[in-house]
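Participant: model this:
(chains A and B)
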Amino acid sequence: MWSVSSAHYASLLKSKETELAMMSYVLLSAFEINNNRIDMPVEVYDERLNIPQSGYQGYIKLNDSLIWQSASTLEPISSRSLPVASVGEGRFVVNQKKSLFLYTFTAEFTSENQYIPIQFSIVNHMRDVAAEHAVFTRSLWQYGALLTGVVALLLLVSLLSVVKPLQHLISQLQEAEQGKKRALTGHYPKELDQAKHSINSLLENEDFQKKRLQNLGQDLAHSLKTPLSVMQNQPNLSVELQQEIQTIQEIIQRQLKRPALQQNVWVEQIDILPILSKTINSLEKIYPHITFSWSINSEQNHVNTELKLPIEQTDAYELFGNIIDNAAKAAHTRVKVHIEHENKRSTIAIHDDGAGIPTAQRKNILERGQRLDTYTSGQGIGMAMVSDISDLYHAKLQITESNLGGAKVAVTFTSH
Amino acid sequence: MRILITEDNPKLLIQLDTYFQEHGFSVDLADDGERAQFLLSEYGYDAVIMDLGLPKIEGIDVIKYARKKNITVPILILTARDNWEQKVLGLDAGADDYLTKPFHLEELLARIKALIRRCAGHASSLIKAGPIQLDLTKQLVFLHEEELDLTAYEYKVLEYLLLNPNKVISKTELTEHIYDQDFDLDSNVIEVFVGRLRKKIDPDNTLKPIETLRGRGYKLSLVHSKN
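Facilitator: Below you'll find the predicted structure:
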């Protein structure tokens, strides 16, 4: 920008020099010396030198003395201020201090066989050129600024068009991470579309592998359990053999389920209310003497109809099925499921009115793999699974006393 | 009591058949879902033991079929599938109880008896009707708190009548519930059993607990007390 402005100013100076040179030639053409007498008209051909305050002044100097000044000159300048030029040459000077352009051309005239050098000078005020240059510079800056703005805008638009799909992809990845999505959707540029398909394939493959592992475990468990049933129910079975069969049974129950307990990279959030409802309805059939009830306490109305938690459906059934089933086994007449939801924390507490779990035993129940045959039959493996699943989903498992008189088993999920 | 056992493992099927017959049940067997569905639609049972992984038709579909056809027989699922999701799915389809393999025959028997009892509206295993008291678990009958000596078939007839009080039970229905499906239905042994029962539970012929309704069947009319 600066260089363009300087170039423009230099061009103006050159143009001014040419203009003043031409004007000096006007003086030269009008000047005559006849018999040692100077003959110069008052008015010259160029009107700018005739009109006062035109901004142009013309001077003719002989031997350091002004011998003529144009009609346009109201306040003549000192003859010493005029530049001096060699004969036959012109000289252009810019006097910044006085804001003047000065040009002098020296020509020799003959008079009585003598050569007399005569200086023809033109003085012009700088204000017009300065004003023109200022207008140019201002326009230059304005257009420059406009151009910069347009370029910046174009850059921003092009940047956004590149970044927007990335931002969309990132937001979808975050949603998937939070369990709100199970696959990436939407249209992306070619390069990102490939990445989207790869991520979706990875998720599908992970699902498939997990289901495959679950099915393998189930098939293996199924093919082992039926022959075990036949063995277990053989008449006159020795106690030792019965114990061995029991051990095999426990290994199958725990270990064949364990490989299936692998959390996916991203877990889709599911509504657990239907799961709790179906589980309770099912258990009402198995335990007709137990009254099951459930309640929800939340400031958010939607929780009364929907409570989404980041957990696989199969694991949610396993987790709550085992806890509620254990509660029903321990209960005398009542089992209550209470849901407490605030902000990002959801607690599902299962109460029973049974004998409760002694404090010393509570820690053992929560320890993975710990058997608890002493509490109630079936409690050991079931609660170990509950503990495993809680760990898997970073849920907090707590056993305390219930206000119903028995045990309270609470699972707390905290979303991030 | 007549039950249907559905199981595709032949060894386990025979084991269950033997065990339940030993405990006074009439047992029909099905080793695939199609046969189970047929038997359920053709015969009346007091309880059904149903495996889930069956050839031809899945156990869960047989249960759904039965409920769709308004067959209200209590159904116990006996399966190796021990996931809670599958348990809930089975019970939601219409089953009444769920037992996972491996299991103890004693537990299965107790659960089947409890199911039959619950289905008949009795919370306890003791059924009282006037001076008669029947213990479903121990399979014992008392008259004025004195134990009666009944044969297995006499017990089956009395148990069925007590579980269905004030209801007309045809000879065919009674026969179906105390004998296996291949029994000759023209036999008049039911009349013999009822005659013997009357003598044993009402020796003075004062209570007249079992009423004969000509051409229709029998009805037990004693006042029940439910536990």
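Participant: contacts, neighbours, all on C-alpha from now
Facilitator: OK.
Participant: in chain B, what residue is nearest chain A?
Facilitator: Nearest residue of chain B to chain A: B:P102, at 4.3 Å (C-alpha to the nearest C-alpha).
Participant: pretty sure that residue contacts A:M231?
Facilitator: No - counting by C-alpha atoms under 8 Å, B:P102 does not reach A:M231; the two are 9.0 Å apart.
Participant: Look at those two and report which has more neighbours.
Facilitator: Remark: of B:P102 and A:M231, B:P102 carries more neighbours, 23 against 17, as counted by other C-alpha atoms under 10 Å in any protein chain shown.
Participant: hang on, the earlier thing: for the residue of chain B closest to chain A, what are its contacts?
Facilitator: Going by C-alpha atoms under 8 Å, 6 or more residues apart in numbering or on different chains, B:P102 touches A:225-226, A:228-229, A:232, A:249, B:80.
Participant: tell me the pLDDT at B:T212?
Facilitator: Listed pLDDT for B:T212 reads 88.
Participant: I meant B:Y160, not that one.
Facilitator: On the pLDDT scale, B:Y160 is placed at 87.
Participant: again, but for B:S187
Facilitator: At B:S187, the pLDDT value in this model is 56.
Participant: Over to A:Q300?
Facilitator: The model reports A:Q300 with a pLDDT of 65.
Participant: Chain B against chain A: which residues are in contact?
Facilitator: Within chain B, the residues that sit near chain A (C-alpha under 8 Å from any C-alpha of the partner chain) are B:9, B:11-12, B:15, B:80-81, B:83-85, B:88, B:91-92, B:96-98, B:101-105.
Participant: So B:I57 is in contact with B:F38, correct?
Facilitator: No - using C-alpha under 8 Å, B:I57 is not in contact with B:F38, being 11.2 Å away.
Participant: Comparing the two, which residue is more hemmed in?
Facilitator: Each of B:I57 and B:F38 has its neighbours counted (other C-alpha under 10 Å); B:I57 has more, 16 against 13.
Participant: Kindly indicate whether A:D219 is helix, strand or coil.
Facilitator: Secondary structure state of A:D219, per DSSP: H, G, I helix; E, B strand; the rest coil, is helix.
Participant: neighbours of it, just the number please.
Facilitator: 15.
Participant: which residues of chain B score low on pLDDT?
Facilitator: Low-confidence segments of chain B (pLDDT under 70): B:122-124, B:180-187, B:223-227.
Participant: is it true that A:V411 touches A:T347?
Facilitator: Yes - contact status for A:V411 versus A:T347: in contact at 5.6 Å, counting by C-alpha under 8 Å.
Participant: Quickly find the element holding A:S293.
Facilitator: Using DSSP states H and E, A:S293 sits in strand A:291-298.
Participant: Show me what that strand is packed against.
Facilitator: Judged by 3 or more C-alpha pairs under 8 Å, 6 or more residues apart in numbering or on different chains; DSSP states H and E, the packing partners of strand A:291-298 are helix A:273-286, strand A:334-342.
Participant: Try it again at 10 Å.
Facilitator: Applying 3 or more C-alpha pairs under 10 Å, 6 or more residues apart in numbering or on different chains; DSSP states H and E, we find strand A:291-298 packed against helix A:273-286, helix A:313-330, strand A:334-342, strand A:345-352.
Participant: Buried ones in the third one, by neighbour count?
Facilitator: This means strand A:334-342. Across strand A:334-342, burial judged by 16 or more other C-alpha atoms under 10 Å in any protein chain shown covers A:334-341.
Participant: The residue lying closest to B:I210 once chain neighbours are set aside: what's it in contact with?
Facilitator: Distance criterion C-alpha to C-alpha, 6 or more residues apart in numbering or on different chains; nearest residue to B:I210, sequence neighbours excluded, is B:L220 at 4.7 Å. For B:L220, the contacting residues are B:129, B:158, B:160-169, B:208-212, by C-alpha atoms under 10 Å, 6 or more residues apart in numbering or on different chains.
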